[in-house]
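Colleague: After the sequence you'll find the predicted model.
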Amino acid sequence: MEPNTEALRRMARIAAHLQPSSTQMEGSSLLRRENCRAKGGAPGFKVAILGAAGGIGQPLALLMKMNPLVSVLHLYDVVNTPGVTADISHMDTGAVVRGFLGQPQLESALTGMDLVIIPAGIPRKPGMTRDDLFKINAGIVQTLCEGVAKFCPHAIVNLISNPVNSTVPIAAEVFKRAGTYDPKRLLGVTTLDVVRANTFVAEVLGVNPKDVNVPVVGGHSGVTILPLLSQVNPPCSFTPDEISYLTDRIQNGGTEVVEAKAGTGSATLSMAFAAAKFADTCLRGLHGDAGIIECSFVASQVTELPFFAAKVRLGRGGAEEIFPLGPLNEFERVGLEKAKKELAGSIEKGISFIRK
Ligand SMILES: NC(=O)C1=CN([C@@H]2O[C@H](COP(=O)(O)OP(=O)(O)OC[C@H]3O[C@@H](n4cnc5c(N)ncnc54)[C@H](O)[C@@H]3O)[C@@H](O)[C@H]2O)C=CC1
Ligand SMILES: O=C([O-])CC(=O)C(=O)O
């Protein structure tokens with residue numbers, strides 16, 4: 001490269017920082033990606049977090065800034081993104097970070113994104129169910145997904161905002177209405193249930209949670225969270241008391257945190273960890289890595305319900321394969337029936353919110 005060309009590029013990058021208009025920063029970040037590619041680095045993906053200034057959004061932004069597969073990180077919220085962005089952008093990792101504040105900047109936040117992670121919305125307080133959040137969060141998810149449909153219709157969406165059992169159907173209806181719906185690209189994030197299940201099962205077994213994998217299917221609320229303890233990897237067995245304790249603790253893990261936080265919110269740090277883990281699997285899928293399998297709440301034919309959390313294989317197109325539930329024991333079969341009954345109502349509530 002000619003030295004004077006490099007000097008010009010450096011000046012452009014400094015100018016872009018001093019006056020960060022969308023095009024200037026975009027040009028600068030693209031340049032970095034090109035440089036990275038030219039040096040044989042990994043290809044980078046563009047990721048947006050909507051709700052980035054919140055309890056989940058901030059640590060999630062930090063973790064995504066550390067992900068080497070991310071070349072551009074857009075942080076969008078209706079409050080506080082300038083501060084969060086300035087802070088995160090000083091981390092000496094590769095991703096270029098940009099902040100966007102409020103609805104007028106949603107277009108710039110979303111344009112060109114490969115992956116959009118949505119933790120926007122209010123969290124629970126003690127005594128509330130996740131469904132109690134529907135009234136406020138349904139509208140937030142609708143607005144943001146309308147933005148996704150308009151400005152980055154091919155992005156993969158990771159939906160975190162509760163109640164997930166209803167917000168994923170809401171997003172699907174928004175995308176259908178816009179003519180952009182691809183069921184493989186809309187993924188409800190249930191990874192925290194798996195993360196908790198791995199942790200609690202490992203405690204009972206006395207092993208490292210990293211060495212345990214518990215499939216958790218169904219949905220993301222109370223009895224719809226169905227851990228398949230008969231399918232733990234590596235294979236192991238539990239006493240009836242252990243099964244009862246573990247199922248109850250996994251299903252009520254969210255409430256355990258809400259009560260411990262005593263009115264100041266719900267799980268944020270473990271959720272950011274889980275969301276970053278799930279986003280990483282999506283990015284590795286987009287990257288073309290083989291054998292990427294995680295549980296997620298997706299459009300599905302695994303049961304008679306239109307949506308269900310199950311193990312999915314992530315690839316370039318999103319959730320490219322959804323695995324059947326596999327053999328269930330009697331306890332799990334009873335749990336499945338309870339889960340389906342509650343899920344049916346929550347899914348219908350989400351669908352009719354948009355179709356009303
Ligand atoms: N899927 C899961 O496993 C989990 C889901 N959650 C859910 O995640 C959501 C967020 O939780 P927290 O981060 O703790 O809440 P929080 O209140 O700390 O943060 C939410 C953020 O969303 C922002 N926001 C609100 N309306 C917005 C809009 N229209 N556009 C962009 N941003 C908007 C707020 O300004 C705030 O910064 C809640 O609904 C919570 O129930 C929480 C834990 C686990
Ligand atoms: O319980 C809540 O409200 C937040 C949540 O979804 C979880 O921690 O699993």
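Modeller: Yep, that arrived. Ligands and ions are numbered 1, 2, ... in the order given.
Colleague: Tell me the residues on the stretch 1-150 of the chain that lie near ligand 1, please.
Modeller: Within the stretch 1-150 of the chain, the positions near ligand 1 by Cβ under 6 Å from any ligand atom are 50-51, 53-57, 77-79, 119-124, 133, 137, 140, 143-144. Just so you know, the C-beta spots here come from the backbone N, C-alpha and C atoms, and that holds for glycine as well.
Colleague: and those residues near ligand 2, which?
Modeller: Near ligand 2, by the rule Cβ under 6 Å from any ligand atom, you find Pro123, Arg124 out of these.
Colleague: Buried ones among the residues of the stretch 1-150 of the chain next to ligand 1?
Modeller: The neighbour-count criterion (16 or more other Cβ atoms under 10 Å) marks 50-51, 53-57, 77, 119-124, 133, 137, 140, 144 among those as buried.
Colleague: from those residues, which ones fall inside helices?
Modeller: Among those, the members found in helices (DSSP state H) are Gly57, Asn137, Ile140, Leu144.
Colleague: Which pair of these spans the longest distance?
Modeller: Largest separation among these by Cβ to Cβ: Gly57 and Asn137, giving 14.2 Å.
Colleague: Sketch out the strands for the stretch 51-200 of the chain, chain order is fine.
Modeller: Listed in chain order, the strands of the stretch 51-200 of the chain (DSSP state E, counting those that start in this stretch) span residues 70-77, 96-101, 115-118, 156-159, 186-188.
Colleague: could the ones you listed go into CSV alongside mean pLDDT and distance to Ile351?
Modeller: CSV is the format used below for the strands of the stretch 51-200 of the chain (pLDDT from 0 to 100; distance: least, Cβ to Cβ, whole Å):
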stretch, mean pLDDT, distance to Ile351
strand 70-77, 98, 26
strand 96-101, 98, 30
strand 115-118, 99, 18
strand 156-159, 99, 15
strand 186-188, 99, 13
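Colleague: between those strands, which one is nearest to Asn252?
Modeller: Once the strands of the stretch 51-200 of the chain are compared by Cβ to Cβ, strand 186-188 is nearest, at 19.2 Å.
Colleague: The closest one close to ligand 1?
Modeller: No. Using Cβ under 6 Å from any ligand atom, strand 186-188 never reaches ligand 1; the gap is at least 7.2 Å.
Colleague: tell me which strands and helices that strand is in contact with?
Modeller: strand 156-159, helix 164-178, strand 293-299, strand 307-315, strand 318-322 (3 or more Cβ pairs under 8 Å, 6 or more residues apart in numbering; DSSP states H and E).
Colleague: which parts of the stretch 101-250 of the chain sit against ligand 2?
Modeller: So the stretch 101-250 of the chain meets ligand 2 at Pro123, Arg124, Arg130, Asn162, Leu192 (Cβ under 6 Å from any ligand atom).
Colleague: Looking at the closest residue to Gly83 other than its chain neighbours now. What's its pLDDT?
Modeller: Take Gly83 and drop its neighbours on the chain: the residue closest to it by Cβ to Cβ, 6 or more residues apart in numbering is Ala53, 7.9 Å away. Note for Ala53: predicted pLDDT of 98.
Colleague: Ala53 against Thr85, yeah?
Modeller: No. The pair Ala53 and Thr85 fails to qualify as a contact (Cβ atoms under 8 Å) at a distance of 9.1 Å.
Colleague: Overlap in contacts, these two.
Modeller: Taking Cβ atoms under 8 Å, 6 or more residues apart in numbering as the criterion, Ala53 and Thr85 both touch Leu75.
Colleague: who's in contact with Val174?
Modeller: Neighbours of Val174 in contact, by Cβ under 8 Å, 6+ apart: Gln142, Cys145, Glu146, Ala149, Ile354.
Colleague: Okay, it and ligand 2: tell me how far apart.
Modeller: Distance of Val174 to ligand 2, given as Cβ to the nearest ligand atom, to the nearest Å: 21 Å.
Colleague: Need the nearest residue in space to Gly288, chain neighbours excluded.
Modeller: Arg316 (5.9 Å).
Colleague: And Thr111, by the same measure?
Modeller: Using Cβ to Cβ, 6+ apart, the nearest residue to Thr111 is Phe151, at 5.0 Å.
Colleague: same thing with Thr199?
Modeller: Pro209 is the one closest to Thr199 (Cβ to Cβ, 6+ apart), at 4.9 Å.
Colleague: Also Ala309?
Modeller: Once flanking residues are discounted, Ala309 sits nearest to Phe297: 4.1 Å by Cβ to Cβ, 6+ apart.
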